[in-house]
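>>> sequence-free structure coming up:
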């Protein structure tokens with residue numbers, strides 16, 4: 001016969017061990033082993049770590065009596081959603097000597113606390129929405145909500161993973177959720193808040209439980225190790241805290257696994273960081289930094305050796321690439337905000353080396369390495385041989401570390417006499433980044449931008465846009481003043497019509513005019529054109545109606561059987577092809593294309609200094625500020641690419 005008392009009868013079940021040290025060994029000897037995640041589950045709001053904003057809000061709400069009818073708790077797995085719901089259920093029904101109202105201050109177990117913690121209280125109903133998704137389950141809640149609680153002050157419904165309810169179940173719950181009886185409270189928990197209908201979310205107070213910071217999680221694990229009599233290295237705690245990714249439950253589960261893996265315990269072995277690293281399949285972070293330095297030097301052989309070394313020790317190649325990406329991100333943050341070096345999750349050695357890299361690497365190199373690692377990580381996870389895929393990623397990064405930027409490549413071509421000028425003298429050792437004796441620099445730095453005449457081709461040109469403006473005052477000798485009946489702008493040419501459509505925000509008509517209209521004739525009040533293949537048959541009717549609305553005058557638009565001139569879109573495309581052909585014939589461009597096999601000329605831009613001043617048409621609308629008067633010429637910008 002088993003003399004072990006039932007867990008429900010134990011004081012402190014679900015809590016940290018009682019404070020009396022003499023009772024701890026006896027209690028543990030009489031009960032089965034409980035995993036750390038259950039043994040040290042928070043029982044009060046004071047035990048929650050990393051959720052101070054939520055605790056403060058609830059404390060003020062309970063103190064002022066502004067307790068809401070429904071709460072929805074969201075966050076990643078293991079941050080305490082269900083635990084918080086149970087603590088709230090205790091707070092609603094806390095009864096102790098001298099306490100007869102809801103409160104979050106629960107220094108001792110109340111009348112209903114133990115039963116609520118054990119999930120066996122008749123008035124606190126927990127439902128797993130993953131296995132009870134239908135309208136029938138919700139209908140049962142709605143029917144029972146009408147009756148007052150049996151024992152406690154408040155009837156509480158805790159619905160876990162609420163996002164898995166069906167649409168009918170959500171709809172059936174809406175009315176009761178909006179106007180529940182005074183004795184009913186709803187507590188919802190979910191990891192996917194976006195799947196909960198907005199009609200449900202709007203009826204609840206929402207709390208987003210944050211990921212727990214690595215330093216706070218490590219301190220929590222350290223206190224638990226002290227209670228368990230387990231000796232563990234601080235670096236090992238840091239590894240577990242980072243691997244948990246802000247989840248307290250994951251951290252406790254990993255700590256449980258580390259204790260079993262190391263054979264640690266009261267008087268047992270010490271948990272070392274290297275043991276935890278091998279158990280988790282992680283790479284040595286110091287060796288990861290060495291790997292990063294080798295890549296930035298362009299030394300691929302040592303880099304491949306370091307990766308193979310970590311692989312032989314049990315590290316996953318994809319995880320090594322992920323750790324490299326984390327360090328690249330850390331270096332980038334340190335470069336942009338030096339205060340980031342004081343990150344508590346980073347060791348002093350990591351911070352020192354990150355500061356060194358941040359001072360010597362450019363943003364261009366760091367962002368390029370990040371993009372390559374991101375792509376390589378995906379390839380390594382999908383490849384049949386992850387190590388080979390990771391090797392090839394490192395090869396790309398190492399060779400790209402020495403790849404010149406486009407600016408420097410153009411400058412080098414110019415130094416070779418690409419523009420017919422004299423070749424420039426070779427750079428000095430200091431300019432090349434070498435030491436006094438000519439030795440190589442510690443690692444290759446990304447070349448910096450340098451002023452060059454060739455850089456003008458990369459300068460962003462202002463986008464030229466057609467804008468319709470009010471009719472300008474014509475010259476006295478050109479034409480008589482407009483009659484008082486004229487209310488709209490003067491449309492002197494077809495391009496003005498297109499500009500007017502754009503100014504009136506009729507983008508569909510503007511596109512149709514540019515793409516489908518082959519103009520035959522244009523005069524004030526009359527437009528004749530042929531339709532391009534695919535054009536709308538009623539385009540002429542739409543155009544005439546719009547012009548009358550916008551100008552206040554009657555316009556006639558007709559479709560002609562004549563061929564007509566090319567459309568505006570065809571004209572722009574032909575002009576762009578002509579410019580590209582002329583640009584491709586330039587000797588400098590030809591040398592660039594030869595130097596970069598596979599490169600292709602896609603656009604030609606002009607700087608403001610090189611752009612000619614347009615001749616103004618006195619009858620056309622005058623530009624304002626830096627607006628361009630050209631309606632047909634289009635300059636390709638980086639947005640277009």
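Sure, I can see it. Because the structure is a prediction, the values reported are computed rather than measured.
>>> where are the low-confidence patches of the chain?
Along the chain, segments meeting pLDDT under 70 span 1-31, 264-268, 283, 401-409, 416-488, 606-641.
>>> okay, strands next: where are they in it?
Remark: strands assigned in the chain by DSSP state E are 70-74, 124-128, 155-160, 184-190, 205-208, 517-523, 526-531, 556-559.
>>> redo these as a markdown table? Include distance to residue 571 and mean neighbour count.
Quick note: C-beta positions are derived from backbone N, CA and C, even for glycine. Putting the strands of the chain into a markdown table (distance: least, Cβ to Cβ, whole Å; neighbours: other Cβ atoms under 10 Å) gives the following:
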| stretch | distance to residue 571 | mean neighbour count |
| --- | --- | --- |
| strand 70-74 | 56 | 23 |
| strand 124-128 | 66 | 19 |
| strand 155-160 | 64 | 24 |
| strand 184-190 | 57 | 24 |
| strand 205-208 | 55 | 16 |
| strand 517-523 | 10 | 17 |
| strand 526-531 | 14 | 19 |
| strand 556-559 | 20 | 16 |
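>>> tell me which of those approaches residue 53 most closely.
strand 205-208 (8.3 Å; Cβ to Cβ).
>>> just checking: what are the partner strands of that closest one?
strand 70-74 (parallel) (DSSP bridges).
>>> which residues touch the partner strand?
Residues outside strand 70-74 that contact it (Cβ atoms under 8 Å, 6 or more residues apart in numbering): 81, 84-85, 88, 162, 177, 180, 185-191, 193, 196, 200-201, 203-209.
>>> any idea how far that strand is from the chain center?
From the chain centre to the centre of strand 70-74 is a distance of 24 Å (Cα atoms, centre = their mean, to the nearest Å).
>>> just the angle between it and strand 184-190, please?
10 degrees (axes from the mean of the first three to the mean of the last three Cα atoms, to 10 degrees).
>>> tilt between strand 70-74 and strand 155-160?
20 degrees.
>>> distance of residue 368 relative to residue 39?
48 Å (Cβ to Cβ, to the nearest Å).
>>> tabulate the strands of the chain (JSON lines), appending distance to residue 230.
Below are the strands of the chain laid out as JSON lines (distance: least, Cβ to Cβ, whole Å):
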{"stretch": "strand 70-74", "distance to residue 230": "31"}
{"stretch": "strand 124-128", "distance to residue 230": "32"}
{"stretch": "strand 155-160", "distance to residue 230": "31"}
{"stretch": "strand 184-190", "distance to residue 230": "31"}
{"stretch": "strand 205-208", "distance to residue 230": "33"}
{"stretch": "strand 517-523", "distance to residue 230": "81"}
{"stretch": "strand 526-531", "distance to residue 230": "82"}
{"stretch": "strand 556-559", "distance to residue 230": "86"}
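>>> count of neighbours near residue 219?
Counted with other Cβ atoms under 10 Å, the neighbours of residue 219 add up to 14.
>>> ok, residue 604 next?
For residue 604, the number of neighbouring residues by other Cβ under 10 Å comes to 17.
>>> in stretch 39-50, what's buried?
39, 40, 41, 42, 43, 44, 45, 48, 49, 50 (16 or more other Cβ atoms under 10 Å).
>>> TSV for these, including distance to residue 234?
Below are those laid out as TSV (distance: Cβ to Cβ, whole Å):
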residue	distance to residue 234
39	23
40	20
41	25
42	24
43	28
44	28
45	28
48	24
49	18
50	19
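>>> and of those, the nearest to residue 381?
residue 50 (29.7 Å).
>>> next up, the contacts around the nearest residue to that closest one once chain neighbours are set aside.
Sequence neighbours aside, residue 212 is the residue nearest to residue 50 in space, at 3.7 Å (criterion: Cβ to Cβ, 6 or more residues apart in numbering). Neighbour list for residue 212: 49, 50, 79, 220, 246, 247, 248, 251 [criterion: Cβ under 8 Å, 6+ apart].
>>> and these, which of them are in helices?
Under the assignment DSSP state H, the contacts of residue 212 contribute 220, 248, 251 to helices.
>>> can I get those residues in a markdown table with distance to residue 490 and neighbour count?
Output for the ones in helices among the contacts of residue 212, formatted as a markdown table (distance: Cβ to Cβ, whole Å; neighbours: other Cβ atoms under 10 Å):
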| residue | distance to residue 490 | neighbour count |
| --- | --- | --- |
| 220 | 76 | 21 |
| 248 | 72 | 26 |
| 251 | 74 | 27 |
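>>> got those as TSV, with distance to residue 519 columns?
Converted to TSV, the ones in helices among the contacts of residue 212 look like this (distance: Cβ to Cβ, whole Å):
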residue	distance to residue 519
220	76
248	71
251	72
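>>> with these in mind, which one is nearest to residue 290?
Nearest member of the ones in helices among the contacts of residue 212 to residue 290, counting by Cβ to Cβ, is residue 251, at 27.8 Å.
>>> so what's the closest one closest to, chain neighbours aside?
Closest residue to residue 251 apart from its sequence neighbours, by Cβ to Cβ, 6+ apart: residue 244 at 3.7 Å.
>>> can you check residue 242 too?
residue 214 (5.5 Å).
>>> distance-wise, check that neighbour relative to residue 508.
Taken as Cβ to Cβ, the span from residue 214 to residue 508 is 53 Å.
>>> tell me which of the two has more neighbours.
Just comparing residue 214 and residue 508: by other Cβ under 10 Å the higher neighbour count belongs to residue 214, 23 against 11.
>>> all set, thanks.
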